[in-house]
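# my questions concern the predicted model and sequence given below.
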Amino acid sequence: MPTAPTPPAPSRIGLLRDPDFRRLFAATALGQLGDRIVFLALPLVAIVALHADEFQVGLLTAMTSAGSLLVGLPAGAWVDRMRKRSVMIGADFMRACVLMTIPAAWWADLLTVGWLYVVALAHGTLTVFFDVAHVSYLPHLVGRDHLLEGNSKLSAVRSVTSISGPAMAGPLVGWVGAPVTLLVSSAGMALSGLLAGGIRKREPKPESSARPRLVRDIEEGLKFVLTHPALRAIMLGDAIFNLFLVLYQTMLLVFLEREMGLESFGIGLVLSGMGCGALLGALLATRISKTVGQGPTVWLASLVTCPLTVLMPMAHPGWSVYVAAIGLAALSLGGVVRFVAQASFQQALTPDRLLGRMSATARFVSWGGIPLGGLLGGVSGSVFGAAATLWIGAAGMTLSVLPVLLSPLRTVRELPDGPDRKAPESAR
């Protein structure tokens, strides 16, 4: 009796066979490359070009993320009424234009720290709309059955840009200066918008009520997220983590430049090490989630990696700072593994019509403390010094595992079957 043919092994390429996903993949790569260069170059414009003090650097960090507080909740309701792809394209082009004003002001000898605050706020606000639309668009493009693979692949490309962005930005800042380096960021975001415009698969136009009410729509998103035990635990853990991560990052560049004596190339090298950890995390995320379980991965990833960030404030000028960068790489590895697990969980649990509001609500709550983290980082750096601030940040990031660790989500091993379910039985 003939045996049935063996089915072919699944391709590692997977979703990359789809031309539309390839375009989204490439657009994500270019947009994230531009964003990672902004992450290094914008504070260096303040620190090196304008000689800003610690508090001003902290305030700049706060302005970068203040958009989450200003438009975080209404952004979700607005995005749910629009085609997500169109929002992504528009946000990319507007971010590119905003960033171009910095080198223009620099060449005209008009650049001030105040203008950096304005650009940081505008860029951060546009990024809120882009990120909400991006998270909401993925389930439509790839289908819910492929969310884990889609998030893993997009996290991988973000990780590669986390390596290449600082590695490119460091020499560029040293060569042409931090203000001019932002032209590369602007170009990356413009190209991202062009690639997203080439995606052929069109979303159906979202259904809207005859009299849409912004407040009612926001309330519906808030109620869904805040009353869902799994989503609530993820969101609160993120809020604590992001607060102390930004507090840590606010003084990291100051610590590296002023206490470790690193120039722009050395700072870029240290941050590229973080990207290496993120890339490894993206490559391992799916395997870890399937082996350990979705819920345990969310809290174990942070618990194992966050304590290693204390290596940086223990470093001394010289070779030890590059050894300490291992802790930053571990932080990035754990962050990506955690993000892939929890993002797939959030998307799988949420109905299509609420995806934008779920993403915006979670972002509003979990990112809402980021401006406070920037301010606290600046104040702490001014009062206690950069090294002590890094110690505080490391402790806070480690404690961020508590909401998930103390929730039923800690034992959930698999994604739910569909968005109509509140949570698996073990998560209730």
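Sure thing, it's come through.
# can you pull the contacts of Gly327?
By C-beta atoms under 8 Å, 6 or more residues apart in numbering, Gly327 lies in contact with 308-312. (C-beta placed from N, C-alpha, C; glycine too.)
# how about residues contacting stretch 73-81?
Residues outside stretch 73-81 that contact it (C-beta under 8 Å, 6+ apart): 87, 128-129, 132-133, 136, 206, 208, 212, 214, 217-218, 221-222, 353-361, 364.
# repeat for stretch 22-34
Applying C-beta under 8 Å, 6+ apart, the contact partners of stretch 22-34 are 16, 88, 92, 95-96, 99, 130, 134, 137-138, 141, 153-154, 157-158, 160-162, 164-165, 168, 184-189, 191-193, 195-196, 198-199.
# filter those residues to the buried ones?
Using 16 or more other C-beta atoms under 10 Å as the burial test, the contacts of stretch 22-34 include 88, 92, 95-96, 99, 130, 134, 137-138, 141, 153-154, 157-158, 160-162, 164-165, 168, 184-189, 191-193, 195-196, 199 as buried.
# excluding chain neighbours, what is closest to Gly237?
Pro403 (4.3 Å; C-beta to C-beta, 6 or more residues apart in numbering).
# does the one you found touch Leu236 like I think?
Yes: with contact defined as C-beta atoms under 8 Å, Pro403 reaches Leu236; the gap is 4.0 Å.
# of these two, which one has the most company?
Pro403 (22 against 19; other C-beta atoms under 10 Å).
# look up phi and psi at the more buried one.
Dihedral pair for Pro403: phi -60, psi -40, per degrees, to the nearest 10.
# let me see the contact set for it.
For Pro403, the contact set (C-beta under 8 Å, 6+ apart) comprises 232-234, 236-237, 240.
# do you know how far it is from Asp145?
29 Å (C-beta to C-beta, to the nearest Å).
# ok, now Ala196?
Taking C-beta to C-beta, one finds Ala196 at 23 Å from Asp145.
# just checking, next helix/strand downstream of the helix or strand bottoming out on mean pLDDT in the chain?
One helix or strand of the chain scores below all others by mean pLDDT, DSSP states H and E: helix 147-176, with a mean of 73. Heading C-terminal from helix 147-176, the first helix or strand you meet, by DSSP states H and E, is helix 178-197.
# quick one: that following helix to chain centroid distance?
Taking the mean of its C-alpha atoms, helix 178-197 sits 18 Å from the chain's own mean (C-alpha atoms, centre = their mean, to the nearest Å).
# next one: stretch 340-353
16 Å.
# kindly report the same for stretch 376-387.
Relative to its chain's centre, stretch 376-387 lies at 24 Å (C-alpha atoms, centre = their mean).
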